[in-house]
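Peer 1: I would like the atomic coordinates for the input below:
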Amino acid sequence: MFTLSLPFQRGLRTVIACGVWCGSAITAWWLYQQAGPVADAPAIVQVKSYKVGPAQLGRLTSLHVTEGQLVEAGQLIARLDTDLLERQLSVAQAQVKQAASEARATDVALDAGQLQNERQFQGEIEAAEIELRAAEAEFSRTRTELAKLMDDLHRERSLVRQGLTKTDRMVMFEQHRAGLEEAVRSWPGRIEAIHVRRRAAESRLDGWRQMQAAGPRHAQRQPAEDRVTERRESVRLLETQINHTVLRAAARGYVAQILARPGDVLRPGDPVLTLVEEQAQQAVAFLEERRGLQLAPGAQIELRRRTGNRGAVSAVVTASAGDVMELPRRLWRNPAMPSYGRAVYLALPLNASVNPGELLDVRIPAQPKSFRDLLARWKQPRGAAN
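Peer 2: Predicted coordinates for the structure are as follows:
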């Protein structure tokens, strides 16, 4: 039976113990590399800036701020010349008064015409009523006269039969009776014709009134009212333009740069100055593509300043860029080779003590991996793991 010598056995045990110790150390180092406690990413503090300019053509007459000045929201910044606009406003206001006077004159003319037309129809009705009353009175008088004549004729006949008078007078009475009877027979038809004329005049008056109520008067007044409305709109437009000649700060901030001076003629949109917000409220973190880090919106993270005190600032992830982009040059690992990654936007607290453009370090807790995941990755071929 083969037997190892005692010194060889001791050396073998020493080799095995060293191998186990080295393997344990290598395994611990590999696990530490796979699940380290933190992973860093750079972030840059950003401030919002915006340009202040007129909304219309004008000449800058006064500037009320200086570079570096802190302005409040609504504070007066600059004014444009308003001489031409004020003259145009005076003319437009005079035109409004003129158009209103013309509209009132149109109303008076329409009222006069309406009154005249109505009086005409009323006159026709009144004339028919007067003629009707006269006809009825004449009809009554004719019947009364015929009745009296019939009494006289009857008395005359009695005298002729008694031989007390001649027949000539009775013949005259007979002729007069025939004329009165014809007149009495004709009066009902003539009176009915007058009734028809009166009803026709009343119908015309009612129809005209209905037509006036249906809108012809409004249609006749509409052009004058449209002119008044048009002139008033011109006045409101000029007043709005005059208000736009006063430039005010939309938010609290610093005057970073003045781009125009009094006397300059500015077009709509030409900037007068640039304002930057007083307090930075946003930072942008840049996660390198090769590290595969991700931050979801709503995540709470910590930012570390690179200044001497190394103060910490908490932030909240608000959004993440979808595409990979080239990082700013100051964040390249190699000045000659661009780096790429994704931008993540962070909301800073209102009391954050950071400076615009300051570079911060984002401390991102790495997600620890389970032993099963580590074992599966260890079993993969080297090329697949990379």
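Peer 1: excluding its backbone neighbours, what's nearest residue 333?
Peer 2: What sits nearest to residue 333 in space, not counting adjacent residues and going by CB to CB, 6 or more residues apart in numbering, is residue 339, at 5.7 Å. To be clear about C-beta, it is placed using only N, CA and C from the backbone, and glycine gets the same treatment.
Peer 1: so what's that neighbour up against?
Peer 2: 288, 326-327, 331-333 (CB atoms under 8 Å, 6 or more residues apart in numbering).
Peer 1: same thing with residue 296?
Peer 2: Taking CB under 8 Å, 6+ apart as the definition, contacts of residue 296 comprise 317, 320.
Peer 1: give me the element it is part of.
Peer 2: Counting by DSSP states H and E, no helix or strand carries residue 296.
Peer 1: what backbone torsions are found at it?
Peer 2: Phi and psi for residue 296, reported as degrees, to the nearest 10, are phi -90, psi 150.
Peer 1: same deal with residue 65?
Peer 2: For residue 65, the backbone dihedrals are phi -130, psi 170 (criterion: degrees, to the nearest 10).
Peer 1: in space, what's closest to it - neighbours in sequence excluded?
Peer 2: Residue 65 sits nearest to residue 255 (CB to CB, 6+ apart), 5.1 Å away.
Peer 1: do you know how far that neighbour is from residue 155?
Peer 2: The gap separating residue 255 from residue 155 is 127 Å, by CB to CB, to the nearest Å.
Peer 1: which of those two has more neighbours?
Peer 2: Using other CB atoms under 10 Å as the criterion, residue 255 and residue 155 rank with residue 255 on top: 19 against 12.
Peer 1: who touches stretch 133-149?
Peer 2: Residues contacting stretch 133-149 (CB under 8 Å, 6+ apart): 173, 176-177, 180-181, 183-184, 187-188, 190-191, 194.
Peer 1: from these, which single one is nearest residue 72?
Peer 2: Of all those, residue 194 has the smallest distance to residue 72: 87.4 Å, by CB to CB.
Peer 1: ok, back up a step: out of the contacts of stretch 133-149, which end up buried?
Peer 2: Burial by neighbour count, 16 or more other CB atoms under 10 Å: within the contacts of stretch 133-149 this picks out 173, 177, 180, 183, 187, 191, 194.
Peer 1: the last one contacts residue 128, correct?
Peer 2: Yes. With contacts defined as CB atoms under 8 Å, residue 194 counts as touching residue 128 at a distance of 5.8 Å.
Peer 1: can you get me a residue count around residue 114?
Peer 2: Counted with other CB under 10 Å, the neighbours of residue 114 add up to 16.
Peer 1: thinking again about what came up before, export the contacts of stretch 133-149 as JSON lines, with columns for pLDDT, secondary structure and distance to residue 56.
Peer 2: Shown next, in JSON lines, are those (pLDDT from 0 to 100; DSSP: H, G, I helix; E, B strand; the rest coil; distance: CB to CB, whole Å):
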{"residue": "173", "pLDDT": "77", "secondary structure": "helix", "distance to residue 56": "103"}
{"residue": "176", "pLDDT": "81", "secondary structure": "helix", "distance to residue 56": "98"}
{"residue": "177", "pLDDT": "81", "secondary structure": "helix", "distance to residue 56": "99"}
{"residue": "180", "pLDDT": "82", "secondary structure": "helix", "distance to residue 56": "94"}
{"residue": "181", "pLDDT": "83", "secondary structure": "helix", "distance to residue 56": "95"}
{"residue": "183", "pLDDT": "83", "secondary structure": "helix", "distance to residue 56": "88"}
{"residue": "184", "pLDDT": "84", "secondary structure": "helix", "distance to residue 56": "90"}
{"residue": "187", "pLDDT": "85", "secondary structure": "helix", "distance to residue 56": "84"}
{"residue": "188", "pLDDT": "87", "secondary structure": "helix", "distance to residue 56": "83"}
{"residue": "190", "pLDDT": "86", "secondary structure": "helix", "distance to residue 56": "79"}
{"residue": "191", "pLDDT": "86", "secondary structure": "helix", "distance to residue 56": "78"}
{"residue": "194", "pLDDT": "85", "secondary structure": "helix", "distance to residue 56": "73"}
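Peer 1: and the residues you listed, which two are furthest apart?
Peer 2: Farthest pair in these (CB to CB) is 173 and 194. Separation: 31.1 Å.
Peer 1: now residue 276: closest residue in space, sequence neighbours ignored.
Peer 2: residue 49 (4.3 Å).
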